[in-house]
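Just to be clear, the model below is a prediction. Sequence and coordinates:
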Amino acid sequence: QVQLVESGGGLVQAGGSLRLSCAASGLSIRRYHMGWFRQAPGKEREFVAAISWSGGSTYYADSVKGRFTISRDNAKNTLYLQMNTLKPEDTAVYYCAAALEMPSLLKVINDYRGQGTQVTVSS
């Protein structure tokens, strides 16, 4: 049974930082491109960041570029998202996702995803 479990969300003031983690089980992430997307209430899912299976390539939404950093530790089967200089508009449920094809991941089409972790940024 494949599970992606996100953690690290919470309430933070604007300008603060959070580090999200996504621990995978039943799946070896080294075979997958991995990514993060988010969904705010009443809004569509939004791509946030993605990283290739090797970690050699990363992609970011313009809204988070320069503030968020995606990374992975294949040995630990874990994906990370370091979020700095958080803004109220970053408030959303953040999901990690795995896909065999990077174009799919960039379109928020994934083979697997987690249950999400809430990030709330107060102004």
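Here it is on my side, so go on.

quick one: low-confidence ranges for this protein?
Residues of the chain meeting the criterion pLDDT under 70: none.

quick one: the helices in it?
Using DSSP state H, the helices assigned to the chain run over residues 102-106.

Look up the closest residue to the residue nearest the centre of it, ignoring the ones flanking it.
Central residue of the chain (CA atoms, centre = their mean): Trp36, 2.3 Å from the mean position. Using CB to CB, 6 or more residues apart in numbering and skipping the chain neighbours, the partner closest in space to Trp36 is Val48 (4.3 Å). For the C-beta atoms, the positions are set from N, CA and C on the backbone; glycine is no exception.

Give me the neighbour count for the one you found.
By the criterion of other CB atoms under 10 Å, Val48 has 26 neighbours.

pretty sure it is in contact with Gly35, am I right?
Yes - between Val48 and Gly35 a contact is recorded at 7.3 Å, counting by CB atoms under 8 Å.

coming back round to it: pretty sure the residue nearest to the centre of the chain sits against Ala98.
No - distance between Trp36 and Ala98: 11.0 Å, which falls outside the contact criterion (CB under 8 Å).

residues in contact with the residue nearest to Asp111 when sequence neighbours are not counted?
Closest residue in space to Asp111, ignoring its immediate chain neighbours: Ala99 at 5.1 Å, by CB to CB, 6+ apart. Ala99 sits next to 32-35, 105, 109-112 when contact means CB atoms under 8 Å, 6 or more residues apart in numbering.

Show me the beta-bridge partners of the closest residue to Glu46 other than its chain neighbours.
The shortest distance from Glu46 to any non-neighbouring residue, by CB to CB, 6+ apart, is to Arg38 (5.4 Å). Arg38 has these beta-bridge partners by DSSP bridges: Glu46, Tyr94.
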